[in-house]
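Asks: Predicted model and sequence below, questions to follow.
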Amino acid sequence: MGFKAEWGLARVLATRDVADGVRQFDIQPEGPVPAYGPGSHIQVQVLIGGQPDVRHYSLVGEPGDGILRIAVKRLPDSRGGSAYMWGLTPGARLTISAPLNHFQLSAGRPDHLLIAGGIGITPILAMARALARRDAAVRLLYAARRAVDLAFAEELRTLLGDRLQIFLDAEGQVIDFKLELARVAPGGEVYICGPAPMMAAARQAWAALGRPPSDFRLETFGAGGASPAQPFIARVPRLNLTVTVRPDQTLLSALQEAGADLMYDCRRGECGLCALDVVDVAGGTLDHRDVFLSDRQKAEGRQMCVCVSRATGTVTLDTGDRAG
């Protein structure tokens with residue numbers, strides 16, 4: 001079972017492309033929009049292979065005009081969410097949640113380092129606006145493959161000036177996490193969103209500096225595994241279930257379609273509520289895509305977060321007492 005969100009109907013008011021392969025959607029809910037802060041996101045009900053599913057998208061706009069704005073990158077190896085969203089045109093109807101926030105921006109900190117990789121700029125953008133408005137100490141490191149992949153770059157240059165640093169893979173530019181994180185003033189915080197390897201490298205550098213783990217805040221969007229998604233088999237003997245997980249669906253969704261009643265919440269690999277015990281992996285490996293399990297736990301391979309993580313071959317799982 002999942003924790004309940006407040007759902008309502010909405011329609012796509014307008015769309016515009018904000019970078020190569022990145023499209024902004026202006027969404028108008030039928031009812032009033034509650035106040036929300038930087039780092040907030042909404043859930044959107046989508047159809048993947050004819051089956052209902054849910055995707056999470058960070059809000060890139062600001063409250064006040066009754067419009068919710070998200071930006072979606074069209075991913076070639078998408079599980080289907082971005083393809084569905086890119087098929088929407090103005091006037092399309094949607095079911096969405098009210099804004100939620102698991103990535104809240106703290107107040108009163110002496111320093112803030114924002115780090116974004118690719119489409120990870122979406123939750124970071126609102127933070128940059130809020131901190132610039134407060135005249136707070138803030139820097140933003142923004143990495144992308146090419147200049148055309150940078151969404152909202154001109155607005156950020158206007159907002160931050162030389163406090164914005166851009167790193168382009170195509171030009172051989174790489175963030176030196178050890179150097180940049182060491183520059184964060186004592187008591188300052190880091191906020192990062194981007195590909196899983198990038199976030200892991202930054203978190204390891206932060207830990208190596210001996211800085212408090214609570215001052216390193218990250219947001220994940222369920223992408224970026226060790227390898228492209230491919231079909232695999234999952235067995236749950238306790239539930240007498242064997243399922244084939246398609247590349248365009250999560251293990252959690254496949255188990256739910258087969259009738260399993262499992263606990264979950266974030267669907268983004270952050271909360272750990274959906275983690276199941278791994279009994280065996282035959283003919284393949286685990287592909288951990290969560291940020292809940294530690295590096296040691298991932299290396300041990302005794303658990304996996306079924307909302308985002310995948311496998312190759314056949315994985316055998318045990319729900320313990322997690323089944324409803």
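Replies: Alright, I've got the coordinates.
Asks: Buried residues, the least confident helix or strand in the chain by mean pLDDT. List them.
Replies: Lowest mean confidence among the helices and strands of the chain (mean pLDDT, DSSP states H and E): strand 51-58, at a mean of 88. For strand 51-58, the neighbour count (16 or more other C-beta atoms under 10 Å) marks 53-58 as buried. The way it works is simple: take the backbone N, C-alpha and C, and place the C-beta from them, glycine included.
Asks: swap in stretch 154-161?
Replies: So, applying 16+ other C-beta under 10 Å, buried residues of stretch 154-161: 156, 159-160.
Asks: And the residues you listed, which is closest to A260?
Replies: Nearest to A260, judged by C-beta to C-beta, of the buried residues of stretch 154-161 is L156 at 43.3 Å.
Asks: hang on, isn't that closest one packed against A126?
Replies: No. The criterion here is C-beta atoms under 8 Å, and L156 misses it with A126 at 11.5 Å.
Asks: next one: phi and psi at the residue of the chain positioned farthest from its centre?
Replies: Residue farthest from the centre of the chain, counting by C-alpha atoms, centre = their mean, is N240 at 31.8 Å. Backbone torsions of N240, given as degrees, to the nearest 10, read phi 60, psi 40.
Asks: Packing partners of the longest strand along the chain?
Replies: Longest strand in the chain, counting residues (DSSP state E): strand 7-19. Strand 7-19 sits against strand 22-29, strand 93-97, with contacts defined as 3 or more C-beta pairs under 8 Å, 6 or more residues apart in numbering; DSSP states H and E.
Asks: send the alpha carbons of the longest one over as PDB?
Replies: Backbone C-alpha positions of strand 22-29 (Å, rounded to 0.1, in the frame of the first residue of the first chain) are rendered in PDB as follows:
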ATOM      1  CA  VAL A  22      13.300  19.100 -22.600                       C
ATOM      2  CA  ARG A  23       9.700  20.400 -22.700                       C
ATOM      3  CA  GLN A  24       8.000  22.600 -20.200                       C
ATOM      4  CA  PHE A  25       4.300  21.800 -19.400                       C
ATOM      5  CA  ASP A  26       2.100  24.500 -17.900                       C
ATOM      6  CA  ILE A  27      -0.700  22.600 -16.100                       C
ATOM      7  CA  GLN A  28      -3.900  24.200 -14.800                       C
ATOM      8  CA  PRO A  29      -5.600  22.300 -12.000                       C
END
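Asks: thinking again about what came up before, name the surrounding residues that touch the least confident helix or strand of the chain.
Replies: 39-47, 70-72, 80-81, 84-85, 122-123, 126, 193, 219, 221-222, 249, 253, 257, 266-268 (C-beta atoms under 8 Å, 6 or more residues apart in numbering).
Asks: what's the distance between it and the middle of its chain?
Replies: How far strand 51-58 lies from its chain's middle: 11 Å, per C-alpha atoms, centre = their mean, to the nearest Å.
Asks: strands paired with that strand, and their directions?
Replies: strand 41-48 (antiparallel) (DSSP bridges).
Asks: ok, now how distant is E257 from T220?
Replies: According to C-beta to C-beta, to the nearest Å, E257 stands 24 Å off from T220.
Asks: more neighbours, those two?
Replies: A direct count of neighbours by other C-beta atoms under 10 Å for E257 and T220 places T220 higher, at 25 against 13.
Asks: Surely that one touches R267?
Replies: No. Under the criterion of C-beta under 8 Å, T220 makes no contact with R267, lying 10.5 Å away.
Asks: Quickly list what's touching both of these two.
Replies: With C-beta under 8 Å, 6+ apart, T220 and R267 have common neighbours V308.
Asks: Going by distance to R302, which of the buried residues of stretch 154-161 wins?
Replies: L156 (41.7 Å).
Asks: Name the SS class of D135, please.
Replies: coil (DSSP: H, G, I helix; E, B strand; the rest coil).
Asks: where does the stretch 201-324 of the chain dip in pLDDT?
Replies: 221-227, 321-324 (pLDDT under 70).
Asks: ok, which stretches of it are helices?
Replies: 251-257, 295-300 (DSSP state H, counting those that start in this stretch).
Asks: Which strands or helices does the longest one pack on?
Replies: Other elements packing on helix 251-257 under the criterion 3+ C-beta pairs under 8 Å, 6+ apart are strand 51-58, strand 232-236, strand 241-245.
Asks: Reformat those into CSV and put distance to L105 next to each item.
Replies: Putting the helices and strands packed on helix 251-257 into CSV (distance: least, C-beta to C-beta, whole Å) gives the following:
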stretch, distance to L105
strand 51-58, 13
strand 232-236, 37
strand 241-245, 35
